[in-house]
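Enquirer: Sequence first, predicted coordinates after that:
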Amino acid sequence: MSEAFDAVDVIAAKRDGRALETASIRWLVDAFTRGVVADEQMAAWAMAVLLNGMDRREIRDLTLAMIDSGERMSFAGLGKVTVDKHSTGGVGDKITLPLAPLVASFGVAVPQLSGRGLGHTGGTLDKLESILGWRADLSTEELRAQLAGVGAAICAAGADLAPADKRLYALRDTTGTVESIPLIASSIMSKKIAEGTASLVLDVKFGSGAFLPQQERAEELARTMVELGTDAGVATVALLTDMSVPLGLTAGNAIEVEESVEVLAGGGPADIRELTLALATEMLALAGLPDADVAAALDDGRAMDAWLGMIRAQGGDPEAPLPVARESHQVLADRDGVLADQDARGVGVAAWRLGAGRARQGDPVQHAAGVRLHAKPGDVVRAGQPIATLLTDDAARIPRALEALEGVHVIAPPGTAIPPRRLIAARIA
Ligand code: URA
C-alpha cells in the first residue's frame with residue numbers, strides 16, 4: 001500500500017522547526033501503530049519535538065491521533081456524572097487512594113484508570129496490590145458495574161486505550177525524550193480523554209520529586225493539558241502542587257495504604273488530608289456539587305465506607321493485615337535542631353532501591369518495602385532520634401538506599417524558624 005507521507009520528510013520538517021500539518025501527524029501516529037514507521041524513526045521524531053516544540057494545534061492533533069489508535073470508552077448511560085483525577089506523580093503520592101472513595105461517597109462516578117510505578121515515583125496499582133486478594137484488572141463490564149454501584153474503581157488501563165501512546169512512551173523512556181511538554185501533555189491527555197470521563201482534575205507536581213522539577217515548566221505543562229482537555233470537551237482544572245518534600249510520612253506500597261486508611265478514618269498527616277480535600281473539592285465542583293462538605297465525609301466515615309466497598313468489589317480484604325518487611329534499619333538524627341529540608345527525590349530513590357519500585361517494566365515489587373519518615377520539615381529533632389526507618393525484605397538493599405538518603409535530611413540549628421511551604425501553589429483553569 002502506498003503511504004500518504006514519507007517518515008523522513010515528517011522528521012526533517014520538525015527537525016527544521018516547522019509546524020506539522022494535521023494530516024502528517026495523523027499519518028505518523030497511524031503508520032507507527034501499523035509498524036510502517038520504525039522505532040528509530042519515531043524516536044528521532046520525538047527528539048525533534050523535544051528540541052523544537054509543537055504549537056497548540058499540533059499538540060491537539062497528536063493527542064487525537066493517539067486516542068484514535070485504540071478504543072474510546074464511554075460512561076454515558078451510567079446515570080452518574082463521571083470525574084477523574086490524574087497526578088503527574090511524586091514521592092509518597094497516595095492521594096488517589098483516599099480521594100476516589102471520598103468523591104464517590106457523594107454519588108459521583110470515579111473511574112480511576114491507573115498505572116504501575118517506574119523509577120522513583122510509586123504506582124497506585126502497586127500500592128493497592130499489597131492488599132490481600134485485590135486485583136487491578138477489571139473488564140469493561142466489571143468497571144461499569146462497580147461505578148454504578150460503589151461509585152469508585154481504581155484499575156489498570158486496558159491495552160486498547162491509546163496503544164500508540166504506550167509504544168511511544170516506552171520508546172521515549174529509553175531515548176531521553178520523556179521531558180518534552182507536548183509529548184507529556186499528549187501522552188497523559190490521550191489516555192484521559194479516551195477513558196471517556198466528563199471532567200478531569202490534574203495534580204501537576206513541581207520540585208525535586210516531580211519529573212519536571214522547575215515550577216515554570218510544570219505550570220506550562222498544566223496549561224497545555226488544561227487546553228487539551230477543554231478543546232476535547234472535557235472540563236479540566238489543574239492544581240500546581242509542591243513535590244520538593246515527600247507527601248505524608250511514607251513512601252512505599254503497603255505503608256502508603258496504611259497511611260491512606262488513616263486519612264480515610266479522619267486522621268493522617270496534614271498535607272495528605274489538605275491535598276485530598278482540595279482535589280475532592282475541585283472534582284465535586286466539576287461534577288456540579290460546588291458546596292460539598294468533603295471534610296465531613298472524611299470525618300464521619302462515609303469515605304471509609306466507600307473505600308471498604310471499593311476494595312471488596314475488586315476481591316480485596318480490607319481487614320487483612322498488610323505485609324510487613326522482614327528487615328528494617330533506622331536512620332538517626334546526627335544533631336539537635338529543626339528539620340529544615342527533606343528532599344523528595346532522595347527519599348523516592350531510597351524507597352525504590354529498597355524494592356518498593358521497579359527498574360524495568362514487568363519487574364516485581366516488594367509490597368512491604370519503603371521508607372517511613374518520623375519527622376517533617378519544621379519539626380524539632382534531637383541527636384540520636386530516628387528520623388526515618390528503611391523497610392525491605394532484602395537486607396542487601398539497605399546500603400544503596402542509605403546512599404540515596406545522604407544529604408536528604410537537613411537539620412538547621414535549634415530555634416531556626418522554617419517557613420511553612422505552600423503545598424498548592426496555583427490553580428489553572
Ligand atoms: N506519564 C505519562 O503517561 N506520559 C508521559 O509522557 C509522562 C508521564
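Expert: Thanks, I have the structure now.
Enquirer: Report the spatially nearest residue to the residue of the stretch 151-300 of the chain found nearest the ligand, omitting neighbours in sequence.
Expert: When C-beta to the nearest ligand atom is the measure, the stretch 151-300 of the chain has its nearest residue to the ligand at residue 187, with 3.4 Å between them. All C-beta atoms are positioned from the backbone trio N, CA, C, and that covers glycine. Closest residue to residue 187 in three dimensions, ignoring its sequence neighbours and counting by C-beta to C-beta, 6 or more residues apart in numbering: residue 165, at 5.1 Å.
Enquirer: Averaged pLDDT, the helix or strand harbouring residue 146. What do you get?
Expert: Under DSSP states H and E, the secondary-structure element containing residue 146 is helix 140-148. Averaging pLDDT along helix 140-148 gives 93.
Enquirer: Which elements pack onto that helix?
Expert: Using 3 or more C-beta pairs under 8 Å, 6 or more residues apart in numbering; DSSP states H and E as the contact criterion, the neighbours of helix 140-148 among helices and strands are strand 110-114, strand 152-156.
Enquirer: quick one: contacts for the residue nearest to residue 187?
Expert: In this structure, residue 165 makes contact with 66, 69, 186, 187, 190, 191, judged by C-beta atoms under 8 Å, 6 or more residues apart in numbering.
Enquirer: make it 6 Å
Expert: For residue 165, the contacting residues are 66, 187, 190, taking C-beta atoms under 6 Å, 6 or more residues apart in numbering as the criterion.
Enquirer: List the contacts of the helix holding residue 146.
Expert: Outside of helix 140-148, the residues that reach it under the criterion C-beta under 6 Å, 6+ apart are 78, 109, 111, 153, 313.
Enquirer: Where among the helices and strands packed on helix 140-148 is average confidence lowest?
Expert: Mean pLDDT, when computed for each of these, is lowest for strand 110-114, at a mean of 92.
Enquirer: Who are the packing partners of it?
Expert: For strand 110-114, the contact count by 3 or more C-beta pairs under 6 Å, 6 or more residues apart in numbering; DSSP states H and E identifies helix 96-104, strand 152-156 as packing neighbours.
Enquirer: Direction included, what does it pair against?
Expert: strand 152-156 (parallel) (DSSP bridges).
Enquirer: tell me how far the partner strand is from the chain's mean position?
Expert: 14 Å (C-alpha atoms, centre = their mean, to the nearest Å).
Enquirer: That one near the ligand anywhere?
Expert: No. Strand 152-156 lies apart from the ligand when judged by C-beta under 6 Å from any ligand atom; the minimum separation is 13.4 Å.
Enquirer: which of the residues in the helix-or-strand element of the chain with minimal mean pLDDT are buried?
Expert: Every helix and strand of the chain was ranked by mean pLDDT, DSSP states H and E. The lowest is helix 163-173, at a mean of 90. Buried residues in helix 163-173, counting neighbours by 16 or more other C-beta atoms under 10 Å, are found at 163, 164, 165, 166, 167, 168, 169, 171, 172.
Enquirer: And for stretch 5-23?
Expert: By neighbour count with 16+ other C-beta under 10 Å, stretch 5-23 contains the buried residues 5, 7, 10, 11, 13, 14, 15, 20.
Enquirer: Look at that stretch and report the distance between its end residues.
Expert: Chord length of stretch 5-23, first to last residue, is 9 Å (C-alpha to C-alpha, to the nearest Å).
Enquirer: Need phi/psi at residue 240.
Expert: Listed backbone geometry of residue 240 is phi -100, psi 120, with angles given as degrees, to the nearest 10.
Enquirer: out of everything not next to it in sequence, what's closest to it?
Expert: The nearest residue in space to residue 240 (C-beta to C-beta, 6+ apart) is residue 426, at 4.2 Å.
Enquirer: What is the neighbour count of residue 380?
Expert: When neighbours are counted by other C-beta atoms under 10 Å, residue 380 registers 13.
Enquirer: typo on my end, residue 368
Expert: Using other C-beta under 10 Å, residue 368 is surrounded by 23 other residues.
Enquirer: The ligand contacts on the stretch 151-300 of the chain?
Expert: Residues of the stretch 151-300 of the chain lying close to the ligand by C-beta under 6 Å from any ligand atom are 169, 178, 183, 184, 187, 188.
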